[in-house]
Each structure stands twice: as structure tokens, then as C-alpha cells.
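Peer 1: Provided below for reference: sequence and predicted model.
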Amino acid sequence: MTAAAIDRAIRAAWRIEQPRLITTLSRMLRDVSLAEELTQDALLAALESWPATGVPDKPGAWLIATAKRRAFDQLRRSKMLARKHEMLLHELEREQETMPDLDTALDDNFGDELLRLIFTACHPLVSREARVALSLRMLCGLTTDEIARAFLVPESTVAQRIVRAKRTLSESGLGYETPRGEQLSPRLASVLEVIYLIFNEGYAAARGEEWLRPQLCDEALRMGRMLTRVAPQEPETLGLLALMELNASRTAARTDAAGEPVLLLDQDRARWDRLQIQRGMLALARARDLGGAGGFYVLQAEIVACHARALTPGETDWPCIANLYAQLAALVPSPVIELNRAVAVSMAEGPQAGLAIVEGLVDEPALKSYHLLPCVRGDLLQRLGRYREAQAAFEAAAGLACNKREQGLMRRRAREAIEAAGR
Amino acid sequence: MRFMYIVTSPQPMKGPSPELMTAMQTLSEREIKAGRMIDNGGLMPLQTGARVRIADGKLSVTDGPFVEAKEVIGGYAIFELRDKDEALAMAKEFMQLHLDHMPGWEGTCELRAFASPH
């Protein structure tokens, strides 16, 4: 094996063990930040010794033993042995005497520990960017460098965010525990927001390195699955998972051979991932069974599900989609959602009905520089045969579009409108 | 990346020992909660199966058990993992459980990447 192959094998073995490693250490130390550092230390230790010894038969046991030894060392070295630490030390020593084989006992608590860890990494006290970085690092085992490259920010920025977030978590004296009762709903919303943010960064982002984007989607999906497994009774969690699975199912069809984006209605639906659609539909059905219909993520998943169910674009249930957008707009009033509703209504009832909604949005300040507004308007005007107005709308859209490809597309549509007007 | 794991063992197939069963359950529970295992299942012995084969331009059906079969598939699992290195580390952990909890057992865990979008 080459040195590079050994390095990859070590990192892979570490990543496989990472979830159990960090939950075990968090449970032992009741300190997520310290647990995370020791998890990283264990990787460094492995990178030092495994090239000579080979990857051990039980890498998990080796890593946990190493991390625990370092935890002891650190606690002993610490000049200000707080009472908590002293107690911990005794507990740990006793634990080690009485339980040489920790595996079974630790695995029993894995789900609960994981849930605690998720809620801690996504604590609303921590800024959104830091929550994202902390989750990718603590829950997915991504390196600071990988996070930085995925989000196109300097590595030092990500490192700082993580350090600050950890400090906030330690200084706030937060209990390392799963929120219950009244606290649960806002805390869960914070977790779901982080997961969806990571997913969208991978799915929609126009920045970051190409190869890391699908990985961000995968990591978000993994976190979504994690959360639905350790907290299976939350409909919005299932809704988010469904939304992500259904959106991700179209990944292969979203770009053509040249890497150019393909719009939803033009996609080759044979390239949609049926296995993933099935998983999304299953999660959505469970969300509904749990009384989740009408939730923020569930509604969005229902919209995507309408597309996923249609084997051809012509089979799309547009009235249903229009209705779902109306429900979504009532839940979270937003001009962007209204614009989407206008498109669905135009497909269900014709361009005139859609245009009526769009005209109501023209003076919306939030959409002043949003190129999709004149784009949709131009499209509806074109379908109504009002070519001169359509041309003007597409010209306006070209002026607002943020990249060359979209500008080109808008100019082409403007030209087509002129040609149609001349016929 | 999506991977399929197929576990085969020499005939006659022996079911897992209770210790191995427990260890595998612990591992799969962990992997499901970690969001990496998507699906898994054990397969019933060969007599429950059948084979439909094409040879010399003809279909033929053979009911199980197939005495001539040297190796049989005992089970499968589907995982979502980052790369082949991770997939390999996972397979080694799974097979180590067999080594630890069912001494004398021999078999193969083959892993294959799905021909999928990502």
C-alpha cells in the first residue's frame, strides 16, 4: 500500500468510528467541545502509529482507548482540577475497572447520545454559520478544511467560527441534554434549519468546489436520516427528510452532458432515482400519519412529491401544487412563494390567472432585483400572445440575472418574443 | 455513494450464532441511527428459492436447494457512504464480528458500488 492509500484507509476507519467515538466521549466527559477535540486527537494518534502497525482489527476500540487515555492525561494535567473533573476522573476509573468491555453498554446509549449531540451542535445560541460548521464537524466528521472549501471561505474563518461556537457552548453553562416540553419545538426548528441549509448549499449553490456539493447533500441527508431514527415521532423531521430525498432524486437529471442545468419540466424522468423517491414518499407518508400535514417542510415535500409522482410532465397535478403553494404562503407569507404559486396557477388554470398574481407582485420591494419575477411575467405574456410586453420583460430579466448563462437565456427569449411579434 | 454488501458462505449454510446475531444487531442499529445503513436483510436457505436460467436459447427453472452450489448468498445490506475507503472499513468491521463471535465460520463479504447518479 502506498502512503496515500494508508492515509485514506486510516481516515476512513476513523470516519466509520467517529459517531460512536464522539458520543461515547461526550457521555463520559459531559463536554462536547472537549469530546470533539479528543476525537480529533485520536485521529492524529492513529495517523502517527497505524502506518507502522497497520490498521488494528478493531479500530473503534483502539480509538476509544486512545481518546480515553488522553482524556485522563488532560484531566490530570489540568492545574485547576475542578470538582466536576475530579468526580469524573473517579467515575471513569471506576468504570474502567468494572467494565473492561465497554462496547455493549456504550452502544445501548448511542441513539440518545447522538440526539443530545445534534441538539448541542445546532443550539440556537450559536450563530447559523457556526451551527453549520459545528454540525458538519461533530456529526459528519468533516475537517475544517473540507468545510471551508465547500462554503468557499478561508479555513481560518471556519476554524474561528468553531472555536467561538465551542466557547459559547461552554460559557453558557448549557446542560448537555435533549430538550423536552416547550423547549423542544424551537430547538428542533434550529436543527432542521441547519440541515436544510447544508442541503441547499450542496443542491443549489453557485459557489464552492464542484465535487464537494453532492457531498454536502449526502451529509445533510445522512443527518436527516439520523434525526428521524433517533427522534422518530417528529413529523417535520420526516417532512424535511422527504423533501431532501425527493429533491436529491433528480440530481442526475438536473444537468446535461455538458454540465448545463436542465429545468424540471425538461428533465429525463427515467434518470430520477426511484429508490430515493420511494424513500422520500415513505418519509412523507409517515409525516402525514403523525399529523404533520400542513407543516413547513411537509408542505414543501408534498409539492416535490407531486412532481415525483408524475411520470411525464403532462401528468403533473398542477391544481394540487397551486393549492399547496397557497397553504405554504398562508403559513410563511413570502413573495417568492407567491411567485411560485403564480406559475402553478398558470399551469392549472391558464396564463391569465397566473399573470393576475404576478402583476400583484410587481411593486414588491423584496423582488425588486429578483430576475425570476420579470422572467415568469415574460413567459406568461408570451403565452398570452402579448409579445412586445414579453420582450420588455425578458430584457428586464436579462438586466437582473446574476450570471452569463441566465443572461444569455433571457436575451434569447427576448429575441424569440420579437420574432413572434413580427410574424 | 451507495454500496451494496453481499455476504456469501460455503454450503451448507450455517445460521449465525446467537452471539454473532446480537453483535450484528448492535452494529446495524448503530449504522441505521448514524444514517448510513439504508436497508439490510438476511435470506432464507436455498430450498426456499428457485433459479430461472437461460442456456442454449431456452428458459429452464430449477427449484432449490441447488446441491451443486458451492457458495450461497446469506444476506445483503445497502449503505450510503462517502467513498470506497469508508465502504471497505465498514466491511472489515462487519466481518471482524464474524471472526470474534462465530469462530470457524468462513465466508465472503463483497461490496459493490451502485451504478447510480452520484
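Peer 2: That came in fine, so what should we check first?
Peer 1: count of neighbours near the one residue in the stretch 151-300 of chain A that gets nearest to chain B?
Peer 2: With C-beta to the nearest C-beta as the measure, A:Ala252 is the residue of the stretch 151-300 of chain A nearest to chain B, at 3.1 Å. The way it works is simple: take the backbone N, C-alpha and C, and place the C-beta from them, glycine included. Residues lying near A:Ala252 (other C-beta atoms under 10 Å in any protein chain shown) number 16.
Peer 1: May I ask you to confirm that it belongs to a strand?
Peer 2: No: with DSSP: H, G, I helix; E, B strand; the rest coil as the criterion, A:Ala252 is assigned helix and is not in a strand.
Peer 1: Double-check it against A:Arg274; I have them as touching.
Peer 2: No: using C-beta atoms under 8 Å, A:Ala252 makes no contact with A:Arg274, being 11.5 Å away.
Peer 1: how about the helices of chain B, start to end?
Peer 2: Using DSSP state H, the helices of chain B run over residues B:18-33, B:84-101.
Peer 1: Figure out which of those helices is closest to A:Arg15.
Peer 2: helix B:84-101 (5.8 Å; C-beta to C-beta).
Peer 1: got the angle for that closest one vs helix B:18-33?
Peer 2: 150 degrees (axes from the mean of the first three to the mean of the last three C-alpha atoms, to 10 degrees).
Peer 1: Pull the distance from stretch A:403-411 to the chain's centre.
Peer 2: 28 Å (C-alpha atoms, centre = their mean, to the nearest Å).
Peer 1: Just give the number of residues close to A:Arg250.
Peer 2: Applying other C-beta under 10 Å, I find that A:Arg250 has 22 neighbouring residues.
Peer 1: Which pLDDT value goes with A:Leu142?
Peer 2: Predicted confidence (pLDDT) for A:Leu142: 89.
Peer 1: Any regions of chain A where pLDDT drops low?
Peer 2: A:78-108, A:175, A:205-212 (pLDDT under 70).
Peer 1: and the helices of chain B, which is most packed in?
Peer 2: Greatest average neighbour count among these goes to helix B:84-101 (a mean of 19), per mean count of other C-beta atoms under 10 Å in any protein chain shown.
Peer 1: so does that one get close to chain A?
Peer 2: Yes: using C-beta under 8 Å from any C-beta of the partner chain, we find that helix B:84-101 touches chain A at B:85-86, B:88-90, B:92-93, B:96, B:99.
Peer 1: hmm, back to that, mind putting the helices of chain B into JSON lines with mean pLDDT?
Peer 2: As requested, those are exported to JSON lines (pLDDT from 0 to 100):
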{"stretch": "helix B:18-33", "mean pLDDT": "92"}
{"stretch": "helix B:84-101", "mean pLDDT": "95"}
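Peer 1: Output those helices as TSV; include the columns distance to A:Arg413.
Peer 2: Output for the helices of chain B, formatted as TSV (distance: least, C-beta to C-beta, whole Å):
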stretch	distance to A:Arg413
helix B:18-33	48
helix B:84-101	44
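Peer 1: which one of the ones you listed lies closest to A:Ala270?
Peer 2: The nearest among those, by C-beta to C-beta, is helix B:84-101 at 26.9 Å.
Peer 1: Any residue of stretch B:34-50 touching chain A?
Peer 2: Yes: against chain A, stretch B:34-50 shows contacts by C-beta under 8 Å from any C-beta at B:34-36, B:38.
Peer 1: now, which of the residues you listed lie within strands?
Peer 2: B:Ile38 (DSSP state E).
Peer 1: Distance to B:Pro103, pLDDT and neighbour count added to the residues of stretch B:34-50 next to chain A, as CSV?
Peer 2: Formatted as CSV, these follow (distance: C-beta to C-beta, whole Å; pLDDT from 0 to 100; neighbours: other C-beta atoms under 10 Å in any protein chain shown):
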residue, distance to B:Pro103, pLDDT, neighbour count
B:Ala34, 28, 92, 24
B:Gly35, 32, 92, 26
B:Arg36, 28, 95, 22
B:Ile38, 31, 92, 18
